[in-house]
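S.K.: what's the 3D shape of this:
(2 chains)
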Amino acid sequence: MGTVFLAVYLRDLRLALRRRVEALLPVVFFVVAISLFPLGVGPEPQILRQMAAGIVWVSALLATMLSVTSLYASDHADGSLEQMILSGHPGSVIAGAKAAAHWTVTGAPLVLAAPLLGLLLDMSPQALAALLASLLLGTPILSLLGGMGAALTLGLRSAGVLLILLIVPLSIPALIFGAGAVSAAEAGLSTAGHFSLLGALLIMTTLCAPIATSFALRIALE
Amino acid sequence: MNRPTRWTTFAAPSRFFGLAAALNPWLWALAVALTLAGLYVGFFVAPTDATQSEAYRIIFIHVPAAWMSMLLYLAMAFWAGLGWALNARMASTLARAIAPTGALFTFIALWTGAFWGKPTWGTWWAWDARMTSELILLFLYLGYIALVTSIDDMVRGDKAGALLAIVGAVNVPIIYFSVRWWNTLHQGATISLTAAPKMAQTMLLAMLLMTFAFWAYAFAVVFTRAQALALERERDADWVRELAQTSRELP
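M.R.: The predicted structure follows:
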């Protein structure tokens, strides 16, 4: 099981390394989307500081959803996905490895870029720390849920928009507790509750989403 | 046609079609009668509310619609899951037929809520926990409808929709509680529906009548839509052809 996980995970990383610019697109989208907000709502640091957590989190959510559409698409197009599912290895392990690879390629850069963008939005140091921690716990949830959406919408005409419609309602709890942790830190309140709930969500999603994804892949490939 | 009736009897589209055709006139009549009775009691018999005067009367549509919206999501997930697990296409068809009605009731609950909120709270919309989760429920319905309609292969659409409906049903309590905590973190609960004064007997009667009316309507419209979907799906089956033949022979 571990070897299958590692094999799929490393394969996806290698593929991403060959298409470096493509792999960086989500983080570019993230930066561009965040820098649009000050232009839209005005440059007052007071307003930006108040909205920063939400802006960064919503942008991370959208960046993940936009990039996850292609998670299974190219493997589906060249038939390797079918071979993986037919190989007899548990589909949930393959789905988990794909989601982990997606997080490493797109989620982790978002987490690393977030504190820098937080500075643009005039966030305080303790809020920046909370943002980093909440994104570290939260973006894997988004990758896992997004993987399920990608499997459900595999090969459909309007897969991209459809995926957002399907997965955004399910990722609202992560958004609430992720952005909530940052707001609590900004206000000087305890963030323990938020992080505990976010961690619980991560554990539950890690346990359930790969299984649901493997069912969705089977449905899509039947 | 005198086969014994088992619990799987109406899983056959032809027999379900017959059952729905037999029940539908009664269900529609019941829906109309109960709606008229409920609206009459609600608008003319029930007393004026002491604090909200006449504006409260929208409760007779608002609350039953909100109940139906949540119940229908569970019913949809149940039938979709059953259809997926047992490969019963009539169950999946029923789930498809429930979705638009559920979305409609969710929309009605939100819309009447806005109409009720304006005169009583002074605002069309507040990010109250219940309203927000009802809005998210609408998104879940729309997601289900969008997914099953954009998959051309009916069987794949049924199964993918079932998976999504089940995942959504599991997530509904999580979403509800997270929205509730989010709301209490941002602002105290300034508005509470539960603190409303105790209901008069006639108000309760009107509410019950409207609830049963919505039940009857939901059954009627879901059966009618399921009939149409079954005809469309089974258009190559013998019973549909026979049905078309007999309806053509009628004057």
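S.K.: going forward, measure contacts between C-alpha atoms and count neighbours the same way
M.R.: Will do.
S.K.: what's the weakest-modelled helix or strand in chain B?
M.R.: helix B:238-249 (a mean of 81; mean pLDDT, DSSP states H and E).
S.K.: Just the buried positions in that helix, please.
M.R.: Within helix B:238-249, the residues scored as buried using 16 or more other Cα atoms under 10 Å in any protein chain shown are B:Val240.
S.K.: what sits up against stretch A:96-116?
M.R.: Contact with stretch A:96-116 is made by A:5-6, A:8-10, A:12-13, A:16, A:23-24, A:26-27, A:30, A:56, A:60, A:64, A:67-68, A:71, A:128-129, A:131-132, A:135-136, A:139-140, A:143-144, A:147, A:206, A:210, as judged by Cα atoms under 8 Å, 6 or more residues apart in numbering or on different chains.
S.K.: show me which of these neighbour chain B.
M.R.: Of the residues in the contacts of stretch A:96-116, proximity to chain B by Cα under 8 Å from any Cα of the partner chain holds for none.
S.K.: Can stretch A:172-186 be said to contact chain B?
M.R.: Yes. Among the residues of stretch A:172-186, A:172-173, A:176-177, A:180 lie within reach of chain B under Cα under 8 Å from any Cα.
S.K.: that older thread, please give the centre-to-centre distance between the least confident helix or strand of chain B and its chain.
M.R.: Here the centre of helix B:238-249 is set off from its chain's centre by 31 Å, with Cα atoms, centre = their mean, to the nearest Å.
S.K.: center of chain B, which residue is that?
M.R.: With distances taken as Cα atoms, centre = their mean, B:Gly102 lies nearest the centre of chain B, 3.3 Å away.
S.K.: Which element, helix or strand, includes the residue in chain A that chain B sits nearest to?
M.R.: Per Cα to the nearest Cα, A:Leu166 is where chain A lies closest to chain B, at 4.9 Å. Element membership of A:Leu166, judged by DSSP states H and E, is helix A:159-186.
S.K.: tell me the angle the helix or strand just after that helix makes with helix A:159-186.
M.R.: If you walk from helix A:159-186 toward the C-terminus, the next helix or strand you reach (DSSP H and E) is helix A:192-221. If you take axes from the mean of the first three to the mean of the last three Cα atoms, to 10 degrees, helix A:192-221 sits at 170 degrees to helix A:159-186.
S.K.: sorry, back to before: could you list the residues in contact with the least confident helix or strand of chain B?
M.R.: With Cα under 8 Å, 6+ apart as the criterion, helix B:238-249 contacts B:14, B:231, B:234-235.
S.K.: List the ones among those that fall in helices.
M.R.: B:14, B:231 (DSSP state H).
S.K.: Give me the nearest residue to residue 123, chain neighbours excluded.
M.R.: Picking chain A for this. In this structure, A:Met123 finds its nearest non-sequential neighbour in A:Arg49, 5.5 Å apart by Cα to Cα, 6 or more residues apart in numbering or on different chains.
S.K.: please go with chain B instead
M.R.: Nearest to B:Thr123 is B:Gly117, by Cα to Cα, 6+ apart, at 5.7 Å.
S.K.: what's the answer for B:Thr149, then?
M.R.: B:Gly157 (7.3 Å).
S.K.: repeat for A:Leu135
M.R.: A:Leu135 sits nearest to A:Val111 (Cα to Cα, 6+ apart), 5.8 Å away.
S.K.: Can you give me the neighbour number for that neighbour?
M.R.: Neighbour count of A:Val111, defined by other Cα atoms under 10 Å in any protein chain shown: 21.
S.K.: immediately after the helix or strand hosting it, which helix or strand?
M.R.: For A:Val111, the host element (DSSP H and E) is helix A:108-120. Later in the chain than helix A:108-120, the nearest helix or strand by DSSP H and E is helix A:125-152.
S.K.: Remind me what that following helix packs against, helices and strands.
M.R.: Helices and strands touching helix A:125-152, as assessed by 3 or more Cα pairs under 8 Å, 6 or more residues apart in numbering or on different chains; DSSP states H and E, comprise helix A:45-68, helix A:91-102, helix A:108-120, helix A:159-186, helix A:192-221.
S.K.: Of the ones you listed, which stretch is the most buried?
M.R.: For the helices and strands packed on helix A:125-152, the largest average neighbour count (mean count of other Cα atoms under 10 Å in any protein chain shown) is found in helix A:91-102, namely a mean of 24.
S.K.: so that one versus helix A:125-152, what angle?
M.R.: Using the same axes, to 10 degrees: helix A:91-102 against helix A:125-152 is 140 degrees.
S.K.: Distance to B:Glu134 and mean pLDDT added to the helices and strands packed on helix A:125-152, as CSV?
M.R.: Listed next are the helices and strands packed on helix A:125-152 as CSV, based on distance: least, Cα to Cα, whole Å; pLDDT from 0 to 100:
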stretch, distance to B:Glu134, mean pLDDT
helix A:45-68, 21, 91
helix A:91-102, 30, 94
helix A:108-120, 31, 92
helix A:159-186, 11, 91
helix A:192-221, 21, 93
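S.K.: nearest to B:Leu135, of those?
M.R.: Closest approach to B:Leu135 among the helices and strands packed on helix A:125-152 is made by helix A:159-186 (9.7 Å; Cα to Cα).
S.K.: Tell me the gap between the closest one and the middle of its chain.
M.R.: How far helix A:159-186 lies from its chain's middle: 10 Å, per Cα atoms, centre = their mean.
S.K.: now it against helix A:45-68, angle please.
M.R.: In terms of direction (the same axes, to 10 degrees), helix A:159-186 departs from helix A:45-68 by 140 degrees.
S.K.: which stretches of the stretch 101-250 of chain B have low pLDDT?
M.R.: B:184-199, B:250 (pLDDT under 70).
S.K.: which residues does the residue in it positioned nearest to chain A contact?
M.R.: Taking Cα to the nearest Cα, chain A has its nearest neighbour within the stretch 101-250 of chain B at B:Gly143, 4.9 Å off. Residues in contact with B:Gly143 (Cα under 8 Å, 6+ apart) are A:162, A:165-166.
S.K.: Helix, strand or coil: sort out it for me.
M.R.: Following DSSP: H, G, I helix; E, B strand; the rest coil, the label given to B:Gly143 is helix.
S.K.: With B:Thr5 instead?
M.R.: Under the three-state scheme (three-state DSSP), B:Thr5 adopts coil.
S.K.: Give me the local confidence score for it.
M.R.: Listed pLDDT for B:Thr5 reads 70.
S.K.: What's the separation between it and B:Thr93?
M.R.: Counting by Cα to Cα, to the nearest Å, the gap from B:Thr5 to B:Thr93 is 21 Å.
S.K.: This completes my enquiry, with thanks.
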